[in-house]
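Colleague: Sequence and predicted model, in that order:
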Amino acid sequence: MKKTLLLSVLAGALIGSAPLQADDHGVEYAMAIHGGAGTITRANLTDEQEQAYKDKLNEALEAGRAVLKDGGDSTTAVIAAIQVMEESPLFNSGKGAVYTWDGEHELDASLMEGERGNAGAVAGVKTVKSPIELAREVMEESVHVMLSGEGAEQFAKQQGLEQVDNSYFNTERRYQQLLKAKEKIKASEQPEQQAWEYLDLDYKYGTVGAVAVDKNGLLSAGTSTGGMTAKRYGRIGDSPIIGAGTWADNDSCAVSATGHGEYFIRFHVAADICSRVKYKGLSVSEAGDEVIHGVLEQAGGTGGVIIIDADGNVAMPFNTEGMYRGYFKGDGDTHIAIYNEEE
Ligand code: ASP
């Protein structure tokens, strides 16, 4: 065989579409999750609360690890991890979701796969027990990317997904947050819109998300939320917006965001991070820092992201006081952190 032909055959084999082997992408599989960012300081959490969050984050990561270890795909792993958090009253997604101004729950979620850019999203759903599961149905079983409100509910019913009364998502803690938030807004000298800006971040955040790379090198990202406390009827945040709260592209990275959604939408934070990896050749941590501590911070936006690439590199930058977060790589140790100074 001629030397040039041999070289091109070899090159073809290297860049072909065969599944990546473990060695090709650093670790066999990896995952990172978040359970929201905000004013999370040691002073704000009791030891028991801290432990409860850590246990639940650990459970979510292990649910994802079980899928990935068995050779399952990253989308299934992302959903498994998110569903653990959706079912826990600790986080602002599914049960435990924040209340709207009118005292209801309107849930948003999205999912994206990095291989072909497949995506599914739902916004403003009130009776779907697992919004992230509905996002997958939209991605796989409909010709659309995003469904909202009653249309999304109708689709959930058609697909046989579990539906619950809106009160299923109620928790006393979130209800008290709504009452306090409304009090603060009403008592404020500021016009309502501005007063809302000054609410403690705690009142507002707590979204959950997961990103993963599987044994075939497929990246996926997912996010699920109740949005922000006392939000207006019909308000949609960044979490169901592909490119803002969720993004995955096998050539760069997968991202799930949490924070003040309006800013994440305006600066298409999740996609911007991956574009910096792709076109500027930055690492996930360099790209994450540029956007979270640069672009977002300069604009006055607060929050954070989890990022993973196909080699299993993980970054979790945030510009709030804390972010519930964790990751693992392959069979390695699970790392969980809450506060700012932790690794
Ligand atoms: N990003 C979410 C939203 O704006 C809130 C959060 O992350 O907690 O709806």
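Modeller: Received, thanks.
Colleague: and the residue most central in space within the chain, how far is that from the ligand?
Modeller: For the chain, the residue nearest the mean C-alpha position is Gly209 (2.6 Å; Cα atoms, centre = their mean). Applying Cβ to the nearest ligand atom, to the nearest Å, the value for Gly209 to the ligand is 8 Å. (Glycine included, C-beta is placed from N, CA and C.)
Colleague: which residues does that residue form a beta bridge with?
Modeller: Going by DSSP bridges, Gly209 is paired in beta bridges with His34, Thr223.
Colleague: Now do the helices in the stretch 1-150 of the chain.
Modeller: With helices called from DSSP state H, counting those that start in this stretch, the stretch 1-150 of the chain shows them at 3-15, 47-69, 74-86, 131-141, 149-158.
Colleague: gap between the second one and the chain center?
Modeller: Right, helix 47-69. 15 Å (Cα atoms, centre = their mean, to the nearest Å).
Colleague: And for the last one?
Modeller: Here the centre of helix 149-158 is set off from its chain's centre by 22 Å, with Cα atoms, centre = their mean.
Colleague: I figured the residue nearest to the centre of the chain was touching Ala257, is that so?
Modeller: Yes: Gly209 is in contact with Ala257 according to Cβ atoms under 8 Å; the separation is 7.0 Å.
Colleague: Which residues are in contact with each of these two?
Modeller: Shared contacts of Gly209 and Ala257, defined by Cβ atoms under 8 Å, 6 or more residues apart in numbering, comprise Thr223, Ser239, Gly245, Thr246.
Colleague: Quick check: residues of the protein near the ligand?
Modeller: The chain comes close to the ligand at residues 36, 92, 205-207, 225, 227-228, 237-239, 245, 258-259, 261, as judged by Cβ under 6 Å from any ligand atom.
Colleague: Just the ones of the shared contacts of Gly209 and Ala257 in helices?
Modeller: When these are checked against helices (DSSP state H), there are no matches.
Colleague: could you dump the residues you listed to CSV with neighbour count and pLDDT?
Modeller: Below are these laid out as CSV (neighbours: other Cβ atoms under 10 Å; pLDDT from 0 to 100):
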residue, neighbour count, pLDDT
Thr223, 38, 98
Ser239, 33, 98
Gly245, 35, 98
Thr246, 32, 98
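Colleague: Now those in CSV, please, with extra columns for distance to Val84.
Modeller: Formatted as CSV, these follow (distance: Cβ to Cβ, whole Å):
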residue, distance to Val84
Thr223, 15
Ser239, 17
Gly245, 19
Thr246, 18
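Colleague: thinking again about what came up before, rank the residues of the chain next to the ligand by pLDDT and give me only the lowest.
Modeller: Ranked by pLDDT, the residues of the chain next to the ligand bottom out at Tyr205, which has 72.
Colleague: mind checking pLDDT for the closest residue to it other than its chain neighbours?
Modeller: Leaving aside its sequence neighbours, Tyr205 sits nearest to Gly38 (Cβ to Cβ, 6 or more residues apart in numbering; 4.1 Å). With respect to pLDDT, Gly38 scores 84.
Colleague: my guess is Gly38 meets Glu321, correct?
Modeller: Yes: judged on Cβ under 8 Å, Gly38 makes contact with Glu321 at a distance of 7.3 Å.
Colleague: Quick one: residues contacting the residue nearest to the centre of the chain.
Modeller: Residues near Gly209 by Cβ under 8 Å, 6+ apart: 33-34, 82, 221-224, 239, 245-246, 256-258, 306.
Colleague: so which of these is the most crowded?
Modeller: Highest neighbour count within these: Thr223, with 38 neighbours (other Cβ atoms under 10 Å).
Colleague: Quick one: residues contacting that one.
Modeller: Thr223 makes contact with 82, 109-110, 207-209, 239-240, 245-246, 256-258 under the criterion Cβ under 8 Å, 6+ apart.
Colleague: and it, how far is that from Arg325?
Modeller: With the distance defined as Cβ to Cβ, to the nearest Å, Thr223 ends up 14 Å from Arg325.
Colleague: now do Asp333
Modeller: 15 Å.
Colleague: out of those two, which sits in the busier spot?
Modeller: A count of neighbours by other Cβ under 10 Å puts Arg325 above the other of Asp333 and Arg325, at 25 against 8.
Colleague: Wait, a strand at the more buried one?
Modeller: Yes: membership of Arg325 in a strand is supported by DSSP: H, G, I helix; E, B strand; the rest coil.
Colleague: Quick one, grab the pLDDT at it.
Modeller: Looking at Arg325, its pLDDT is 97.
Colleague: quick one: low-confidence parts of the stretch 151-300 of the chain?
Modeller: Scanning the stretch 151-300 of the chain for pLDDT under 70 picks out the ranges 189-204.
Colleague: can you give me the strands for it?
Modeller: 208-213, 219-225, 246-248, 254-259 (DSSP state E, counting those that start in this stretch).
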